[in-house]
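Q: Quick one, what's the 3D model for this:
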Amino acid sequence: MSRKTHTSRFASSDMESFQLGPSILPRMWSGLWQLSSNAWGTAPLPRIREAMTRYVDTGYTAFADHYGSAEIIFGQFRRSLPPDQPVFGATKWCVFTDIESSQELVEAAVKERMERMQMDRIDLLQFHWQNYSQKGYLSTLKILQGLKTDGWISALGLCNFDSIRTDEICTQLGPGVISSNQVQFSLIDTRPLHGMADVCEKHGIKLLCYGTLCGGFLSEVWLNKPMPDRYSNHLTPSQRKYLDIIVGVWGGWQLFQELLLVLYDIGNGHGLSISNIATRWVLDHPFVGAVIIGTRLGISEHLDENLRVNGFRLTESDKAALDVVLNRSNGCRIITSIGDCGAEYR
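A: Have a look, this model is predicted:
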């Protein structure tokens, strides 16, 4: 089965854009992982679809992290749109157990995602492999490369691969096969600066970054607030994860409050929010293609606020003020305590 590929534009003129494979995409994506569990809060399906429509109408035309029912919800939503409304969908294939790859197995995995998302070609398939000691990820990716050549997949990316394996994969498969790697990157977790950035430059790939706002901790909501109870019912699963990093690894709640205050002061100088400044800091790195911001569809939205990030740049004095706090943290040593990108999932 072979399908023609062509360049598609999914980004509006109101959004900064970048190229990923054959597509021109906005640099701010909506992450749908929160649809996978009621732990983040949930809304009725009609309200979720209404929210997705608002996102697209505002210019957020790229959706990512389709777990479980999120693939189906996205597919139904995309099918309901008029043909002239382009919407980009990135999904994943995560292999958590050792498998013997075959053409039939890989084709079945790709077809399943195509059917659930109601696509005749996957816009971006992000591949995750749990066990590095089992080298099947290379043979599996070579089969995926063939399916990409045949038009089943528009762009092929990685998810939570470390610098060594990303370099190995891109070298083995050759130029232009891998378009991206989705990893955690923020003012708190700066691991991509220590190796992954060089791999991106070497192979011409882009990072798709999640955790940019640390589950919402990088916002005015937490400025001048006491450290929350990790086991509080008011925290989402993401917030529990990032609280552990902030307090247990990065530098503690008091230093985090100092970071929030600096972000607040910088934001005031530009008429922007703490979240805007934290997002812009990530986007200002040339190896970053886009940030993926988790969306609580039908529950809370920050559409207009997030749009203000576009077209803005941090000044050298802004960066210097942030560095004063960051240099007092353990940020540059997180890679030695947690491990390289994606190590926390292995």
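Q: buried ones in the helix or strand harbouring residue 322?
A: Using DSSP states H and E, residue 322 falls within helix 316-326. Within helix 316-326, the residues that count as buried by 16 or more other Cβ atoms under 10 Å are 318, 321-322, 325-326. Every C-beta, even on glycine, is put in place using the N, C-alpha and C of the backbone.
Q: Need the contact partners of the lowest-mean-pLDDT helix or strand in the chain.
A: Every helix and strand of the chain was ranked by mean pLDDT, DSSP states H and E. The lowest is helix 303-307, at a mean of 81. The contact list for helix 303-307 (Cβ atoms under 8 Å, 6 or more residues apart in numbering) reads 14-15, 28, 54-55, 58-60, 273, 275-276, 279, 293.
Q: Equivalent analysis for stretch 237-248, please.
A: Contacts for stretch 237-248 (Cβ under 8 Å, 6+ apart): 37, 39-40, 188-189, 211, 214-217, 227-228, 230, 235, 252-253, 256, 294, 334, 338.
Q: Out of the residues you listed, which sit inside helices?
A: Secondary structure from DSSP state H places 253, 256, 334 of the contacts of stretch 237-248 in helices.
Q: just to revisit the earlier point, please save the CA atoms from the helix holding residue 322 in PDB.
A: In PDB, the C-alpha atoms belonging to helix 316-326 read as follows (Å, rounded to 0.1, in the frame of the first residue of the first chain):
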ATOM      1  CA  GLU A 316      19.500  39.100  27.900                       C
ATOM      2  CA  SER A 317      18.700  40.700  31.200                       C
ATOM      3  CA  ASP A 318      15.700  38.400  31.600                       C
ATOM      4  CA  LYS A 319      17.800  35.400  31.100                       C
ATOM      5  CA  ALA A 320      20.500  36.700  33.400                       C
ATOM      6  CA  ALA A 321      17.900  37.200  36.200                       C
ATOM      7  CA  LEU A 322      16.700  33.600  35.700                       C
ATOM      8  CA  ASP A 323      20.200  32.300  35.700                       C
ATOM      9  CA  VAL A 324      20.900  33.800  39.200                       C
ATOM     10  CA  VAL A 325      18.200  31.400  40.600                       C
ATOM     11  CA  LEU A 326      18.900  28.500  38.300                       C
END
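Q: which other residues reach that helix?
A: 187, 190, 255, 258-259, 262-263, 265-266, 269, 277, 281.
Q: repeat that with 10 Å
A: Outside of helix 316-326, the residues within contact range by Cβ atoms under 10 Å, 6 or more residues apart in numbering are 187-188, 190, 250-251, 255-256, 258-263, 265-267, 269-270, 277-278, 280-281, 284, 314-315, 331-332.
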